[in-house]
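K.L.:
For reference, the sequence and a predicted model appear below.
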Amino acid sequence: MGEASIEMKIKELSIFKTKETARSLTNEAFTDGKPEMNGMVPPIIADLVEAEDIRTKSVESSKLLNYFNAGNFFLMLILGGTMR
């Protein structure tokens, strides 16, 4: 897993303020007058071993919850049948 690239085109410049004057940005603040920003996005979890461990645990948790929900469904089906 490497870094991902992101490109953002800004449609509403008034949302962004300058650090120095706290005024809204203008097209002149950007290269070529185009309100666009791009760059690399670092990974949220830098430790690849830890990221894989989290991924593995989430898959195992998902399986466990699916078993629990299936058991709960059949239990409710049986209990619902006895109420008739």
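P.N.:
Right, received. Where do you want to start?

K.L.:
which residues are in contact with stretch 18-25?
P.N.:
10, 13-17, 29, 35 (Cβ atoms under 8 Å, 6 or more residues apart in numbering). C-betas here are computed from N, CA, C, even on glycine.

K.L.:
List just the nearest of these to V41.
P.N.:
Of all the contacts of stretch 18-25, V41 sits closest to I10, with 16.9 Å by Cβ to Cβ.

K.L.:
For PyMOL, write the select line for the buried members of the contacts of stretch 18-25.
P.N.:
Typed into PyMOL, the next command selects the buried ones out of the contacts of stretch 18-25 (criterion: 16 or more other Cβ atoms under 10 Å):
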select buried, resi 35
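
K.L.:
So among the contacts of stretch 18-25, where is pLDDT lowest?
P.N.:
Minimum pLDDT across the contacts of stretch 18-25 is recorded for A29, with 80.

K.L.:
Return the per-residue confidence for the spatially closest residue to it that is not a sequence neighbour.
P.N.:
Spatially, and ignoring its direct neighbours in sequence, A29 is nearest to T18 (7.3 Å; Cβ to Cβ, 6 or more residues apart in numbering). Looking at T18, its pLDDT reads 82.

K.L.:
what about T18, how many neighbours?
P.N.:
T18 has 11 neighbouring residues, counting by other Cβ atoms under 10 Å.

K.L.:
any idea how this structure splits into domains?
P.N.:
1-43, 45-84 (automatic domain parsing).

K.L.:
what separates the longest one from the chain centre, distance-wise?
P.N.:
In other words, domain 1-43. A distance of 20 Å separates the centroid of the chain from that of domain 1-43, by Cα atoms, centre = their mean, to the nearest Å.

K.L.:
Phi and psi next, for I45.
P.N.:
Main-chain torsions, I45, degrees, to the nearest 10: phi -110, psi 110.

K.L.:
neighbours of the nearest residue to it once chain neighbours are set aside, just the number please.
P.N.:
Leaving aside its sequence neighbours, I45 sits nearest to A51 (Cβ to Cβ, 6+ apart; 4.4 Å). Neighbourhood size, A51 [other Cβ under 10 Å]: 14.
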